[in-house]
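Novice: sequence unavailable; structure follows:
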């Protein structure tokens with residue numbers, strides 16, 4: 001197979017970037033043109049398409065949306081590891097979770113709702129579940145405290161559901177958590193124990209959907225390192241949808257390279273990349 005980049009015309013690049021923006025919210029600048037080509041050319045050549053225009057026509061006419069799933073698998077980046085940006089997990093365990101649980105207990109509810117939006121290959125979701133188990137201890141079974149984890153990538157979700165990770169993804173995980181919630185699968189990899197894996201509900205979901213299907217609000221939402229790919233209007237729209245589906249006083253965690261901006265009035269700033277929904 002030739003190593004040179006496939007040709008893509010200005011019109012073809014514009015069609016592709018508009019489709020990707022409309023369907024996934026990912027804003028590809030001109031500087032990303034060569035990256036787009038390099039990530040898609042093997043798929044295009046291997047599938048027998050004549051070029052980018054032929055591939056684009058297939059994307060817009062594929063009612064199954066399987067081709068769109070393959071597209072987002074290639075244009076999105078799913079790099080993560082356990083305990084990434086660990087100060088968020090410390091705040092979750094030491095501040096957010098005790099506050100939410102205390103409020104629920106006062107109201108007589110044991111329905112704790114947590115959403116990991118943009119869960120990638122599952123490390124963040126399993127990290128949150130481990131911390132939940134550690135927080136509740138023997139009381140965990142008395143709570144409705146599972147976790148919803150969503151992503152748009154079929155490939156990432158397949159990895160998440162399998163729950164098998166190489167050593168390098170596990171390096172930042174405290175030893176006590178690794179020994180309690182994982183088992184050595186083979187030299188160089190670890191597997192999530194069944195009792196933890198069954199507490200996670202992994203679903204494919206597009207955050208660009210203008211209407212979210214959730215009937216009850218979430219108390220805590222993690223959506224980290226997702227909005228870095230979005231322009232400001234797309235970020236603003238997503239934050240507004242998060243607000244509608246966050247319980248009053250609930251928490252929103254975003255990536256350290258992201259911000260909600262100073263002009264928004266839906267969430268109060270708590271610490272870097274950590275926000276709380278205003279009570280009214």
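Specialist: Structure's in. What do you need? Please read these numbers as outputs of a predicted model, since none were measured by experiment.
Novice: what residues does the helix or strand bottoming out on mean pLDDT in the chain touch?
Specialist: In the chain, the helix or strand scored least confidently by mean pLDDT, DSSP states H and E is helix 66-75, which has a mean of 85. Residues from elsewhere that reach helix 66-75 (CB atoms under 8 Å, 6 or more residues apart in numbering): 20, 23-24, 26, 28, 36, 39-40, 43, 58-59, 62, 152-156, 204. No exception for glycine: its C-beta is placed from N, CA and C like everyone else's.
Novice: now do stretch 35-51
Specialist: Contacts of stretch 35-51 (CB under 8 Å, 6+ apart): 1, 5-8, 12-13, 16-17, 28, 52, 55, 58, 70-71, 74-75.
Novice: could you list the low-confidence segments of the stretch 51-200 of the chain?
Specialist: 77-79 (pLDDT under 70).
Novice: please repeat the previous calculation with a cut-off of 90.
Specialist: Along the stretch 51-200 of the chain, segments meeting pLDDT under 90 span 62-70, 72-85, 120, 145-146, 152-156, 169, 171, 185-187.
Novice: domain parsing for this structure?
Specialist: What automatic domain parsing lists as the domains of the chain is 10-75, 86-277.
Novice: most tightly packed of these?
Specialist: Scoring those by mean neighbour count under mean count of other CB atoms under 10 Å gives domain 86-277 as the most buried, with a mean of 17.
Novice: and that one, end to end?
Specialist: The first and final residues of domain 86-277 sit 22 Å from each other (CA to CA, to the nearest Å).
Novice: off-centre distance for that domain?
Specialist: 8 Å (CA atoms, centre = their mean, to the nearest Å).
Novice: break down the stretch 1-150 of the chain into its strands, ranges please.
Specialist: 114-117, 147-151 (DSSP state E, counting those that start in this stretch).
Novice: for those, give me a markdown table that also has distance to residue 132.
Specialist: Below are the strands of the stretch 1-150 of the chain laid out as a markdown table (distance: least, CB to CB, whole Å):
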| stretch | distance to residue 132 |
| --- | --- |
| strand 114-117 | 8 |
| strand 147-151 | 7 |
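Novice: where does residue 242 fall, secondary structure wise?
Specialist: helix 232-244 (DSSP states H and E).
Novice: okay, angle between the helix or strand following that helix and helix 232-244 too, please.
Specialist: Using DSSP H and E, the next helix or strand after helix 232-244 towards the C-terminus is strand 246-254. Per axes from the mean of the first three to the mean of the last three CA atoms, to 10 degrees, the angle that strand 246-254 makes with helix 232-244 is 140 degrees.
Novice: whichever helix or strand comes after strand 246-254 packs against which elements?
Specialist: Sequence-wise, the next helix or strand downstream of strand 246-254 (DSSP H and E) is strand 267-271. If you count contacts as 3 or more CB pairs under 8 Å, 6 or more residues apart in numbering; DSSP states H and E, strand 267-271 packs onto helix 86-91, strand 274-277.
Novice: turn the ones you listed into CSV, including distance to residue 115.
Specialist: Formatted as CSV, the helices and strands packed on strand 267-271 follow (distance: least, CB to CB, whole Å):
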stretch, distance to residue 115
helix 86-91, 15
strand 274-277, 13
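Novice: of these, which is nearest residue 255?
Specialist: helix 86-91 (9.1 Å; CB to CB).
Novice: which elements pack onto that closest one?
Specialist: Applying 3+ CB pairs under 8 Å, 6+ apart, we find helix 86-91 packed against helix 123-136, strand 267-271.
Novice: name the residues that touch that helix?
Specialist: Helix 86-91 is contacted by residues 83, 127-128, 131, 172, 222, 224, 253, 270-274 when judged by CB under 8 Å, 6+ apart.
Novice: what's the closest of those residues to residue 183?
Specialist: Nearest member of the contacts of helix 86-91 to residue 183, counting by CB to CB, is residue 127, at 17.0 Å.
Novice: so that closest one touches residue 82, yeah?
Specialist: Yes. Between residue 127 and residue 82 there is a contact under CB atoms under 8 Å: 5.7 Å.
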